[in-house]
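K.L.:
fold the stuff below for me.
(one chain, ligands or ions: 1)
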Amino acid sequence: MQFQWYPGHMTKAKRQMQEDIKLIDLVIELVDARVPLSSRNPDIDELGKNKFRLILMNKADLADAAVSGSWKAYFADKGYAVVELDARNRAGMKTITSVIMEVCKEKIERDRKRGIQNRPVRAMVVGIPNVGKSTFINSFAGRACAKTGNKPGVTKGKQWIRLNKNVELLDTPGILWPKFEDQTVGLHLAWIGAMNDEIINIDELAVELIKKLKQDYPGTIGGRYAVEGKAVDETKTEAEILGAIAENRGCIGRGGEPDYGKAAALLIDEFRGGKLGRITLERPAKHV
Ligand code: G4P
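P.N.:
Next up is the predicted model:
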């Protein structure tokens, strides 16, 4: 899961994507519903121009439903079809095929007018690492899928998964890099665990998360980490709050002092696992 991008990787990934994209009608782009903009690749619009577009706001089960609604409106406003998703849930896949047909109806109609029948819509899944691409492909394709193998005119080695008579999916997703040189984007991706944790200062990450939660989701930290007789006062500084979490959760060093590192790791882990509730860390400009 953990990725580090180097210029060589990026050039190769982009070249691969440019090749694959020639073969398809529809780009299915996965973003993380908790940070829908930060988890996008800045080049995808250029790469995917002239293609039908569908954005799947994945991990919606971990995101704040009200803010997801605002993000849906934001993307719809920009002309994308958009669906909220929990890629692990197969039951949610039923609607995706019909959305795909709707998004690509122009192509289907064009084919029909030209007398072309049974030419399925071809799609590929793209997104940054850890956004849920493989999970989605597995759930969407399910057990019933049949690989169609190589066909004349298709780049050698490409496998298509035939989902039904109307849709075929490239079996390997396109992996794109995020805009990690932007510090805020980097912070968002670190929070959700889409960056290499080894290069991250976990204490700082936790302090920034506490600051964010105090502001956007007041009461969340206090609610989760208070124990009987020991409240966590959110009016205190972030470091003090982290200390209180350490004490209340028994993250104590040998000398009896709070172990901030351990408390920070615990907080980040619990956030990523959804234990702090459904939280979205980024909001569209117009969200109220
Ligand atoms: P990728 O191909 O884009 O790199 O992502 P992948 O499918 O490997 O998914 C990355 C992690 O995200 C996996 O967890 C996966 O289970 C989880 N995931 C994918 N979609 C969703 C979703 O909609 N909601 C939630 N809550 N989680 C999702 P993991 O911890 O790396 O693996 P595992 O413990 O699930 O096996």
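K.L.:
residues near the closest residue to Leu62 other than its chain neighbours, how many?
P.N.:
Residue nearest to Leu62 in three dimensions, not counting chain neighbours: Gly274, with 4.7 Å by CB to CB, 6 or more residues apart in numbering. C-beta coordinates here come from the backbone N, C-alpha and C atoms, glycine included. The number of residues packed near Gly274 is 14, by other CB atoms under 10 Å.
K.L.:
ok, Ala206 next?
P.N.:
25.
K.L.:
so which residue is smack in the middle of this protein?
P.N.:
For the chain, Asp32 is the residue whose C-alpha lies nearest the centre (CA atoms, centre = their mean; 2.2 Å).
K.L.:
helix or strand: which one has the closest residue to that one other than its chain neighbours?
P.N.:
Nearest residue to Asp32, sequence neighbours excluded (CB to CB, 6+ apart): Ser39, at 4.0 Å. Under DSSP states H and E, no helix or strand contains Ser39.
K.L.:
show me the contacts for Ser39.
P.N.:
Val31, Asp32, Gly127, Ile128, Val131, Pro178, His188, Leu189, Ile192, Ala194 (CB atoms under 8 Å, 6 or more residues apart in numbering).
K.L.:
re earlier: quick check: the residue nearest to Leu62 touching Ala63?
P.N.:
No - with contact defined as CB atoms under 8 Å, Gly274 does not count as touching Ala63 (9.5 Å).
K.L.:
close to the ligand: what parts of this structure are there?
P.N.:
Counting by CB under 6 Å from any ligand atom, the positions of the chain adjacent to the ligand are 1, 58-59, 61-62, 85-88, 127, 129-135.
K.L.:
and what about the residue nearest to Leu62, helix, strand or coil?
P.N.:
coil (DSSP: H, G, I helix; E, B strand; the rest coil).
K.L.:
just the one 3 residues further on next, same as before
P.N.:
Under three-state DSSP, Gly277 falls in the coil class.
K.L.:
tell me the pLDDT at the residue nearest to it when sequence neighbours are not counted?
P.N.:
Spatial nearest neighbour of Gly277, excluding adjacent residues (CB to CB, 6+ apart): Thr220 at 6.2 Å. In this model, Thr220 is scored at 98, pLDDT.
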